[in-house]
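A.B. asks: Could you look at this predicted model? Sequence included:
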Amino acid sequence: MADDAAKSGGLEFHPMDQFNIKDVFGGAEISWYTITNASVWMGLAIVAVVALMVLTTSKRAIVPSRGQSVAELAYGFVYKMVEDVTGKDGLVFFPYIMTLFMFIVCANFLGLIPGSFTPTSHFAVTVVLAMAVFLTVTILGFVKNGAKFLGLFWVASAPLALRPVLAIIEIISYFVRPVSHSIRLAGNVMAGHAVIKVFAGFAAIAVVSPVAILGITAMYALEILVSFIQAYVFTILTCVYLKDALHPSH
């Protein structure tokens, strides 16, 4: 059908092709050791985090540079989030949560560069991040609270007859957490990039080109906001789950 469309002179574009995993050296087969576009851009995200949080703050100037100001704002933003949601006893996990936030936000922003790749648009990446949070929270909950951690699933304020039913619902919702945690991030990032690619395809048509360009501009601006918001949402949910492990009573 694609060939027929091309032969008939019809418009043809594939907005999902931008999410294909490819060997950067052009190899046909991809193995676990293959250097792919996904691994390269994840590496660049790590480099961006180190450059922003380490290199720009190495001098610790009294009058901060722009880079140092951004790093300090990010540090203070995440620190206050962790403290407000989890309390003082959750600050021991601040380095882990800060790393999560900075990696996701840098990967999202780098993915907005034309011709780049967004690793957070792939469930393989976001599921690993979400499962790491899920396992950390679950293990911490049992280590810190023992069997009392199960109180998270027992709604003591509900009528006695409803408590077993609510407990089942709470258990199901708990184990669904890594699914919703990962899909929310990957789905939103993927959808935004796909819409931009659709508008870019229509930009080739002279009649609708001005409208398509306006659409691309508007979507790109929205994606800048979404890139930050999705990193924030993933991080604050991590803080909420961590709070449940530290204070499991329902």
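C.D. replies: Looks like it came in fine.

A.B. asks: Just give me the longest helix of this protein.
C.D. replies: Longest helix of the chain, by residue count under DSSP state H: helix 163-202.

A.B. asks: for D23, phi and psi?
C.D. replies: Backbone dihedrals for D23, given as degrees, to the nearest 10, come out at phi -70, psi 130.

A.B. asks: Check the one 3 residues further on too.
C.D. replies: Reported as degrees, to the nearest 10, the phi and psi values for G26 are phi 90, psi 10.

A.B. asks: State the distance from it to I113.
C.D. replies: Applying Cβ to Cβ, to the nearest Å, the value for G26 to I113 is 21 Å. C-betas here are computed from N, CA, C, even on glycine.

A.B. asks: do the same with A74
C.D. replies: 20 Å.

A.B. asks: Compare the two (neighbour count), which wins?
C.D. replies: Neighbour count, other Cβ atoms under 10 Å: between A74 and I113, A74 has more, with 17 against 11.

A.B. asks: wait, the more buried one sits on M102?
C.D. replies: Yes - with contact defined as Cβ atoms under 8 Å, A74 reaches M102; the gap is 6.7 Å.

A.B. asks: could you point out which element follows the longest helix of the chain?
C.D. replies: Next in sequence after helix 163-202, counting helices and strands by DSSP states H and E, comes helix 209-246.

A.B. asks: So for A74 and M102, which residues contact both of them?
C.D. replies: 52-53 (Cβ atoms under 8 Å, 6 or more residues apart in numbering).

A.B. asks: Quick check: closest non-adjacent residue to F228.
C.D. replies: Of all residues not flanking F228 in the chain, V105 sits nearest, at 6.1 Å (Cβ to Cβ, 6 or more residues apart in numbering).

A.B. asks: Any chance you could list what contacts the helix or strand hosting the one you found?
C.D. replies: Per DSSP H and E, V105 falls inside helix 94-110. For helix 94-110, contacts defined as Cβ under 8 Å, 6+ apart pick out 41-42, 44-46, 48-49, 52-53, 74-75, 78-79, 81-82, 116, 118-120, 129, 133, 136, 185, 189, 224, 226-228, 230-232, 234-235, 238-239, 242.

A.B. asks: Please apply the same query to stretch 157-169.
C.D. replies: With Cβ under 8 Å, 6+ apart as the test, stretch 157-169 has contacts from 153-156, 250.

A.B. asks: And the residue nearest to F228, how far from A191?
C.D. replies: Going from V105 to A191 by Cβ to Cβ gives 18 Å.

A.B. asks: quick one: which of these two has more around it?
C.D. replies: V105 (25 against 13).

A.B. asks: about what we covered before: can you check what pLDDT the model gives the residue nearest to F228?
C.D. replies: For V105, the pLDDT comes out at 96.

A.B. asks: Relative to H247, how far out is it?
C.D. replies: 27 Å.

A.B. asks: what kind of secondary structure is T34 in?
C.D. replies: The three-state label given to T34 by DSSP: H, G, I helix; E, B strand; the rest coil is coil.

A.B. asks: In contact with the residue nearest to the spatial centre of the chain: list those residues for me.
C.D. replies: The residue lying closest to the centre of the chain (Cα atoms, centre = their mean) is L185, at 4.4 Å. L185 makes contacts with 104, 120, 126, 129-130, 230, 233-234, as judged by Cβ under 8 Å, 6+ apart.

A.B. asks: Mind giving me the ChimeraX command for buried ones among the residues you listed?
C.D. replies: The ChimeraX command for the buried members of these (criterion: 16 or more other Cβ atoms under 10 Å) is given here:
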select :104,120,126,129,130,230,233,234
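
A.B. asks: Closest to A200 out of the contacts of L185?
C.D. replies: Closest to A200 out of these is T120 (20.4 Å), distances taken as Cβ to Cβ.

A.B. asks: And the pLDDT for that closest one?
C.D. replies: Confidence at T120, expressed as pLDDT, is 94.

A.B. asks: Would you agree it is in contact with V128?
C.D. replies: No - the pair T120 / V128 is not scored as a contact, 11.0 Å apart, by Cβ under 8 Å.
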